[in-house]
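**Q** got a predicted structure plus its sequence, pasted below:
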Amino acid sequence: MSSQVQDTIKRITAPDIRARKGGEPIVVLTAYDAPTAAIMDPHCDVLLVGDSLGMAVHGMTSTVGVTLEMMILHGQAVMRGAKRAMVVIDMPFGSYEAGMETAYANAVRVMKETGAQAIKLESGPTAPATIEYLVKRGIPVMGHVGLLPQSINIDGSFKAKGRDEAERARILQSAHDTANAGAFSVVIEGVAESLAREITEAIDKPTIGIGASAACDGQVLVTPDMLGLFDWTPRFVRKYADLRGEIDRAVAGYAADVRARRFPAEVETYFSKKPASP
Ligand code: KIV
């Protein structure tokens with residue numbers, strides 16, 4: 001066996017994730033660039049190139065402005081960094097809702113140009129038919145129910161969902177339809193524990209929660225949130241680091257050293273070789 005083949009690490013696949021229903025919790029984080037993806041890869045089952053990159057990386061106020069080209073560019077970077085985790089790429093707003101054929105053409109572009117294993121889309125009313133169409137044509141799909149950030153202009157806020165019986169029933173139905181259409185897993189965002197538990201018990205596909213309690217089969221967080229890059233994060237986020245503070249301290253230290261001519265020091269400087277003595 002060539003060393004190249006021996007060195008190849010087997011990547012986690014959609015069937016591997018599908019088989020984890022009710023088993024060991026599935027670890028998912030968002031990823032947007034190669035170096036961070038390489039650090040996260042050994043620890044995560046799935047790296048999600050979320051359209052949250054609109055806010056987390058590009059400073060947008062919602063995900064609505066994110067384009068297919070942005071998703072592909074960040075997807076390519078993450079695929080270069082991650083060798084083992086499954087990479088799933090979000091379909092951005094406007095790339096899959098107009099019709100199944102457009103959705104298919106755009107999803108094929110994402111898969112071909114990035115090499116990722118699956119796409120994710122938000123399960124609005126037209127999603128189940130699209131999911132079925134894509135899965136039948138060889139594209140693994142992760143669904144997304146509950147709070148749907150791409151619907152911000154309909155909803156008017158990012159508040160948790162399923163607060164009244166009618167909305168709860170709609171979300172439960174949407175989860176059923178998404179799973180039955182062939183999604184290999186379903187993200188549940190921003191719902192109460194009781195609804196997340198009901199969905200997780202009702203569908204035969206793993207659920208991945210974000211702000212949806214420990215009742216789900218796995219968890220996902222937006223990585224810059226859990227690394228403490230922002231001064232505000234939603235209540236459901238646990239901060240595992242204080243990257244904002246670390247970056248602030250590092251940059252302040254660098255600026256002070258440059259201003260005081262303490263950087264660069266001799267060890268950080270190239271010198272020309274002394275000419276050999278005659
Ligand atoms: O875009 C994203 O990061 C997501 C997660 C919040 C699940 O969809």
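**A** Yep, it's here.

**Q** could you give the bridge partners of the residue most central in space within the chain?
**A** By CA atoms, centre = their mean, the chain has its centre lying nearest to residue 48, at 2.6 Å. Beta-bridge partners for residue 48, by DSSP bridges, are residue 30, residue 88.

**Q** what residues are up against it?
**A** By CB atoms under 8 Å, 6 or more residues apart in numbering, residue 48 lies in contact with 28-31, 88-90, 120, 142, 220. For the C-beta atoms, the positions are set from N, CA and C on the backbone; glycine is no exception.

**Q** what packs against the host helix or strand of residue 39?
**A** Using DSSP states H and E, residue 39 falls within helix 34-40. Contact here means 3 or more CB pairs under 8 Å, 6 or more residues apart in numbering; DSSP states H and E; on that basis helix 34-40 packs against helix 68-81.

**Q** before we move on, the earlier item: dump the contacts of residue 48 to a markdown table, plus neighbour count.
**A** Converted to a markdown table, the contacts of residue 48 look like this (neighbours: other CB atoms under 10 Å):
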| residue | neighbour count |
| --- | --- |
| 28 | 26 |
| 29 | 23 |
| 30 | 30 |
| 31 | 30 |
| 88 | 30 |
| 89 | 29 |
| 90 | 29 |
| 120 | 24 |
| 142 | 29 |
| 220 | 27 |
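
**Q** filter those residues down to the ones close to the ligand.
**A** Counting by CB under 6 Å from any ligand atom, 30, 90, 220 from the contacts of residue 48 sit close to the ligand.

**Q** doesn't the last one belong to a strand?
**A** If I follow you right, that is residue 220. Yes - using DSSP: H, G, I helix; E, B strand; the rest coil, the assignment for residue 220 is a strand.

**Q** can you pull out the strands in this structure?
**A** Taking DSSP state E, the strands of the chain run over residues 26-30, 46-49, 86-90, 118-120, 141-146, 185-189, 207-210, 218-221.
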